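>>> here's a sequence, model it:
(2 chains)
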Protein chains: 2
Amino acid sequence: MTEVKADHRPLVAAHRREKMRARLVEAALAVIAAKGIEGTVIEDVIAGAGVSRGTFYNHFTDIPELMRVVRDALIDESLVLSLAAVADVSDPAEACAKGLRIALSISASFPLLAQFSARIGLNMARRGNLVAVLLPPILLRGMQQGRFCTMPVHLAVDCLAGTVIVAQQYQAEGLALDMTELIAAALRMLAVDPAEANRLAALPVEEVHPPEGGLISRSVPRCPESGHASLSLQTK
Amino acid sequence: MTEVKADHRPLVAAHRREKMRARLVEAALAVIAAKGIEGTVIEDVIAGAGVSRGTFYNHFTDIPELMRVVRDALIDESLVLSLAAVADVSDPAEACAKGLRIALSISASFPLLAQFSARIGLNMARRGNLVAVLLPPILLRGMQQGRFCTMPVHLAVDCLAGTVIVAQQYQAEGLALDMTELIAAALRMLAVDPAEANRLAALPVEEVHPPEGGLISRSVPRCPESGHASLSLQTK
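Okay, here's the model as predicted:
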């Protein structure tokens, strides 16, 4: 009997490809943080990643595609942090209320996240990120328990995402936003009773800090003089 | 006594300026309809309007600014048509339900409107168009009559606009959309009771046809062979 040796080469190649992609995303993030979304050009990204132009085009069609991937990576990190923080909340309505508040607090502290949503934030729930994967279970549970009314789950996801985008629009433009009012509106949209929506929307949440090594933390450029994180909001 | 003669020259200059601006917007619309939003360049717009590059820059900073002006002009026409159609509806909740359905029917028939919202549709309620002017009176009336709950009116406007953008996103991508479900969700957001929201969302509306000479009608290119309006949706 001949022993069949597993061919690991395709796996190794896939892994290498994934690593290079992540390296380009990280390089892009550094450039975006320094030069803004509009100012990011391919030359800076490949210089930052230390790769050739050809390598870039092996992974991305153009800068807009890379931007979408960076945005999705930021959204995913924010979403996972927010949902992890409400993982032990058994009521789906309370989980939505607190999860929304945490997600909006994160984007309030990390302007690039809000800016991304404000500029290329549509399609948020449908492309390459975890929104359409991680939100439906909570929404479906809420519908089954009669906490939310029954509606097409993808529409509920999109309406919630739409609420987040509206909020991030305010944040990106530096406008005042009553987060409690917005969260209450989102809960009412899911058919939570108005008084109950107000109560849930006002519940306090624990502060959530994106991990130091994560993409969100690195989206804020360090200011060399003060040593503090800073980012001038470009609202135009 | 000397008769003071009114100096009409500033008024005449302003009128001329407005006419030139409108001419550039119309030329842009024709180019966009023929070449798509991405394919529109300044050379085609000035050729279409029969003006110099300098004249263009007297009125607009760049193509993106022109795009925002074209979008706002389309939104305004759609909004005015929708609200005119529900002008004799006394219940603000019913007016919202029917107005939303009419606006979404218009954008369903005129793909460029949906495409615009899908691509540069954020900020819809805050810049240079009539959304933030025409919606607040209806929403405030609904709040005063206890038909809607009290909430900051600009937030209610933005949440409604967000719903429209979600819907137009579906339309621009050619995805199926349950309009009744979406309208019901928007009404619930305003705190209309779920059963009542379903009833109102299902109400039929009269068909509204954008006027022949208007911008919306002209946003659809004529197909020379069939004589029918046609537009290939570019969903990427």
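
>>> chain A: helices as residue ranges?
Ranges of helices within chain A are A:9-35, A:42-49, A:53-59, A:63-85, A:92-109, A:111-120, A:131-144, A:153-172, A:179-189, A:194-201, A:215-218, based on DSSP state H.

>>> identify the residues contacting the shortest one?
Spelled out, it's helix A:215-218. A:25-26, A:29-30, A:33, A:70, A:73-74, A:77-78, A:81, A:106, A:110, A:113, A:210-211 (C-beta atoms under 8 Å, 6 or more residues apart in numbering or on different chains). Every residue, glycine included, has its C-beta placed from N, CA and C.

>>> touching chain B at all, stretch A:25-38?
No - using C-beta under 8 Å from any C-beta of the partner chain, we find that stretch A:25-38 stays clear of chain B, coming within 10.1 Å at best.

>>> next: stretch A:73-80.
No - residues of stretch A:73-80 contacting chain B under C-beta under 8 Å from any C-beta: none, with a closest distance of 15.5 Å.

>>> before we move on, back to that, tell me the two of the contacts of helix A:215-218 that are most distant?
Greatest spacing in these, by C-beta to C-beta: A:Ala30 and A:Leu81 (20.9 Å).

>>> re the thing from before, out of the contacts of helix A:215-218, which is nearest to B:Ala201?
Nearest to B:Ala201 among the contacts of helix A:215-218, with distances taken as C-beta to C-beta, is A:Ser78, at 32.0 Å.

>>> what number of residues lie near the closest residue to the closest one other than its chain neighbours?
In space, A:Ser78 comes closest to A:Ile106 once its chain neighbours are excluded; the distance is 5.0 Å by C-beta to C-beta, 6 or more residues apart in numbering or on different chains. Look at A:Ile106: counted by other C-beta atoms under 10 Å in any protein chain shown, it has 23 neighbours.

>>> show me which residues of chain A are close to chain B?
A:118-119, A:121-123, A:149, A:151-152, A:155-156, A:158-159, A:161-163, A:165-166, A:169, A:177-178, A:181-182, A:184-186, A:188-191, A:194.

>>> what residues does the lowest-mean-pLDDT helix or strand in chain A touch?
Here the helix or strand of chain A ranked lowest by mean pLDDT, DSSP states H and E is helix A:111-120, holding a mean of 75. Helix A:111-120 has contacts (C-beta under 8 Å, 6+ apart) with A:32-33, A:37, A:64, A:67-68, A:70-71, A:74-75, A:78, A:106-108, A:124, A:164-165, A:168-169, A:171-173, A:216, A:219-220, A:231, A:233-234, B:122-123.

>>> same question, stretch A:79-95
A:98-100, A:102-103, A:106, A:129-131, A:134, A:138-139, A:141-142, A:145, A:147-148, A:187, A:190, A:192, A:196, A:200, A:203, A:205-206, A:208, A:210, A:216.

>>> show the buried residues in those.
Neighbour counting by 16 or more other C-beta atoms under 10 Å in any protein chain shown classes A:98-100, A:102-103, A:106, A:129-131, A:134, A:138-139, A:142, A:147-148, A:187, A:190, A:192, A:196, A:200, A:205, A:208, A:210, A:216 among the contacts of stretch A:79-95 as buried.

>>> so for chain A, the centremost residue is which one?
A:Ile75 (1.0 Å; C-alpha atoms, centre = their mean).

>>> about what we covered before: any chance of the helices of chain A in TSV, plus distance to B:Ala93?
Shown next, in TSV, are the helices of chain A (distance: least, C-beta to C-beta, whole Å):
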stretch	distance to B:Ala93
helix A:9-35	43
helix A:42-49	50
helix A:53-59	50
helix A:63-85	33
helix A:92-109	24
helix A:111-120	30
helix A:131-144	24
helix A:153-172	18
helix A:179-189	14
helix A:194-201	14
helix A:215-218	40
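
>>> least reliable of those helices by average pLDDT, please.
Mean pLDDT per stretch puts helix A:111-120 lowest among those, at a mean of 75.

>>> mind exporting that helix as PDB, just the C-alpha atoms?
What follows is helix A:111-120, C-alpha atoms only, in PDB (Å, rounded to 0.1, in the frame of the first residue of the first chain):
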ATOM      1  CA  PRO A 111     -13.200  59.300  12.700                       C
ATOM      2  CA  LEU A 112     -11.900  57.300   9.800                       C
ATOM      3  CA  LEU A 113     -14.600  54.700  10.300                       C
ATOM      4  CA  ALA A 114     -17.400  57.300  10.200                       C
ATOM      5  CA  GLN A 115     -15.800  59.000   7.200                       C
ATOM      6  CA  PHE A 116     -15.600  55.700   5.300                       C
ATOM      7  CA  SER A 117     -19.300  55.000   5.900                       C
ATOM      8  CA  ALA A 118     -20.200  58.600   5.000                       C
ATOM      9  CA  ARG A 119     -18.400  58.400   1.700                       C
ATOM     10  CA  ILE A 120     -18.600  54.800   0.500                       C
END
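
>>> angle of it against helix B:111-120?
Helix A:111-120 runs at 170 degrees relative to helix B:111-120, counting by axes from the mean of the first three to the mean of the last three C-alpha atoms, to 10 degrees.

>>> gap between helix A:111-120 and the chain center?
10 Å (C-alpha atoms, centre = their mean, to the nearest Å).

>>> how about stretch A:101-116?
On C-alpha atoms, centre = their mean, the centre of stretch A:101-116 falls 9 Å from the chain's centre.

>>> buried ones in that stretch?
For stretch A:101-116, the neighbour count (16+ other C-beta under 10 Å) marks A:101-116 as buried.

>>> got it, and stretch A:55-70?
A:56, A:59-60, A:63, A:66-70.

>>> got a list of what A:Ile138 touches?
A:83, A:92, A:95-96, A:99.

>>> swap in A:Ala49?
Per C-beta under 8 Å, 6+ apart, neighbours of A:Ala49: A:23-24, A:26-27, A:55-56.

>>> ok, of the residues you listed, which one's closest to chain B?
Minimum distance to chain B across those is 19.7 Å, recorded for A:Phe56 (C-beta to the nearest C-beta).

>>> name the nearest residue to the closest one, ignoring sequence neighbours.
Nearest one to A:Phe56, counting by C-beta to C-beta, 6+ apart, is A:Ile46 at 5.2 Å.

>>> re the thing from before, got the angle for the least confident helix or strand of chain A vs helix A:63-85?
Here the directions of helix A:111-120 and helix A:63-85 differ by 120 degrees (the same axes, to 10 degrees).

>>> tilt between helix A:111-120 and helix A:153-172?
Going by the same axes, to 10 degrees, helix A:111-120 makes 120 degrees with helix A:153-172.

>>> hang on, A:Met151 packs against B:Ala185?
Yes - contact criterion C-beta atoms under 8 Å: A:Met151 and B:Ala185 qualify, at 6.5 Å.

>>> the two - which one has more neighbours?
B:Ala185 (27 against 21).
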